[in-house]
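1. build me a model from this:
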Amino acid sequence: MKIVAFVPFESDDIEFGLLEQDLINGIEDPFAGGGIVRNGRTYSRENVVLVNPAFPSKALCIGLNYMDHAKEFGLPVPQTPVVFIKPSTALSGPGDDIVKPAMCTQLDEEGELAVVIGKECRNVSQEEAGDYILGYCIANDVTARDLQPKTGQWTIAKGFDTFLPLGPYISDEVDPARLRIEARINGKTVQSSNTENLIFSVPYLVSYLSQCMTLLPGDVILTGTPSGTSHMESGDICEIEIEGLGVLSNPVTD
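-> Got it, this is the predicted structure:
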C-alpha cells in the first residue's frame with residue numbers, strides 16, 4: 001500500500017488515503033491505532049495537494065551511516081550510530097519550499113530513506129522491529145553546512161524551518177535493505193548509491209533507538225545519506241528519488 005496525506009481542493013483539512021494509480025481512497029488516520037480503515041471517500045489525484053505523509057513528534061536522524069559519506073568528510077567510520085534530532089517545526093512536504101536561512105552561506109541536500117513508525121515502540125529486538133514499521137518514504141536532511149561543526153552538536157545546522165521535507169507517500173512494498181537512491185539538483189545527479197551500503201541496518205536502528213526512547217506512531221528515522229551531498233541556491237529544484245518510493249521534489253528559495 002501507498003499511504004498519502006493530502007488536502008482536497010475544496011477543503012482546508014488534512015486527510016489520509018491510499019494512492020492507487022490516479023485515485024486516492026480515503027482512510028482513517030493510520031497513526032491513531034486502528035490500522036488501515038477505509039472511509040468510503042474517493043478523490044482524484046489531480047484534485048488534491050499532497051502534504052508530508054507523516055507528522056512525527058521527533059525525527060531521529062543517523063549521521064555518517066554510509067562509509068563513503070564518512071570518508072567524504074574525513075571522519076572515522078562510527079562504531080555506534082551517530083544520532084541527532086530534527087524538530088517537528090522543520091517538517092515540510094512534497095513541493096514545499098526549502099528556505100535558505102539568511103545566516104547560511106552553504107545549503108546542502110542530503111537524500112535519505114526514512115523509516116515511519118506505525119505503533120508505539122519501546123525495547124524491541126531487531127527481529128521484532130518490522131512489526132512496528134508502517135512503511136518507508138523519502139526524506140531530505142537539509143543542512144546549513146557552514147553552521148555544522150565536524151564534532152559537536154548539529155541541532156542548529158539541521159533544525160531550521162523547512163529542513164525536513166518528507167514524501168511523497170509511505171510504502172510498505174519495498175525492501176529497505178536494497179533500494180537505489182539518487183539526488184538531483186536542477187536535473188544533475190549529485191548522489192547515487194544503494195541502501196545495501198548502510199553501515200547500520202533498519203532493524204538495528206529501530207531496535208537501538210527503541211532502547212533509548214519510546215518511538216511514537218508517526219515518528220521517523222532518517223537512515224543517513226551517501227556521499228555526494230551538494231550545495232543548493234535559491235531558484236534550484238532538488239529531487240530525491242528512491243526505488244519504489246517515487247520522487248520528492250522541492251524548490252529552494254531565500
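
2. from here on, contacts and neighbour counts on C-alpha atoms
-> Will do.

3. domain map for the chain?
-> Per automatic domain parsing, the structural domains of the chain span 2-51, 59-253.

4. tabulate the ones you listed (a markdown table), appending mean neighbour count and mean pLDDT.
-> Shown next, in a markdown table, are these (neighbours: other C-alpha atoms under 10 Å; pLDDT from 0 to 100):
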| stretch | mean neighbour count | mean pLDDT |
| --- | --- | --- |
| domain 2-51 | 16 | 96 |
| domain 59-253 | 20 | 95 |
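
5. show me the contacts for residue 33.
-> Neighbouring residues of residue 33 by C-alpha atoms under 8 Å, 6 or more residues apart in numbering: residue 119.

6. spell out the secondary structure type for it.
-> Using DSSP: H, G, I helix; E, B strand; the rest coil, the three-state assignment for residue 33 comes out as coil.

7. now swap in residue 205 and tell me
-> Under the three-state scheme (three-state DSSP), residue 205 adopts helix.

8. which non-adjacent residue is nearest residue 92?
-> residue 165 (4.5 Å; C-alpha to C-alpha, 6 or more residues apart in numbering).

9. the one you found: what's it in contact with?
-> 52, 90-94, 96, 98, 139-141, 248, 250.

10. residue boundaries of the helices in this protein?
-> For the chain, the helices defined by DSSP state H occupy 67-72, 155-158, 202-212.

11. to residue 134, which of these lies closest?
-> Of all the helices of the chain, it is helix 202-212 that lies closest to residue 134, at 12.2 Å by C-alpha to C-alpha.

12. how near is residue 66 to residue 184?
-> As judged by C-alpha to C-alpha, to the nearest Å, residue 66 and residue 184 stand 18 Å apart.

13. now residue 215
-> With the distance defined as C-alpha to C-alpha, residue 215 ends up 31 Å from residue 184.

14. do the same with residue 220
-> Between residue 220 and residue 184 the distance, using C-alpha to C-alpha, works out to 23 Å.

15. ok, residue 141 next?
-> Residue 141 is 14 Å from residue 184, by C-alpha to C-alpha.

16. swap in residue 203?
-> Distance from residue 203 to residue 184, by C-alpha to C-alpha: 28 Å.

17. thought residue 246 was touching residue 171?
-> No. Assessed by C-alpha atoms under 8 Å, residue 246 is found out of contact with residue 171, at 9.8 Å.

18. quick one: the strands in the stretch 101-250 of the chain?
-> Remark: strands assigned in the stretch 101-250 of the chain by DSSP state E, counting those that start in this stretch are 107-108, 111-117, 133-140, 143-144, 164-171, 180-185, 188-194, 220-222, 231-232, 237-242, 246-253.

19. okay if I get the ones you listed as JSON lines plus distance to residue 21?
-> As requested, the strands of the stretch 101-250 of the chain are arranged in JSON lines below (distance: least, C-alpha to C-alpha, whole Å):
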{"stretch": "strand 107-108", "distance to residue 21": "33"}
{"stretch": "strand 111-117", "distance to residue 21": "22"}
{"stretch": "strand 133-140", "distance to residue 21": "17"}
{"stretch": "strand 143-144", "distance to residue 21": "34"}
{"stretch": "strand 164-171", "distance to residue 21": "13"}
{"stretch": "strand 180-185", "distance to residue 21": "22"}
{"stretch": "strand 188-194", "distance to residue 21": "26"}
{"stretch": "strand 220-222", "distance to residue 21": "25"}
{"stretch": "strand 231-232", "distance to residue 21": "32"}
{"stretch": "strand 237-242", "distance to residue 21": "18"}
{"stretch": "strand 246-253", "distance to residue 21": "13"}
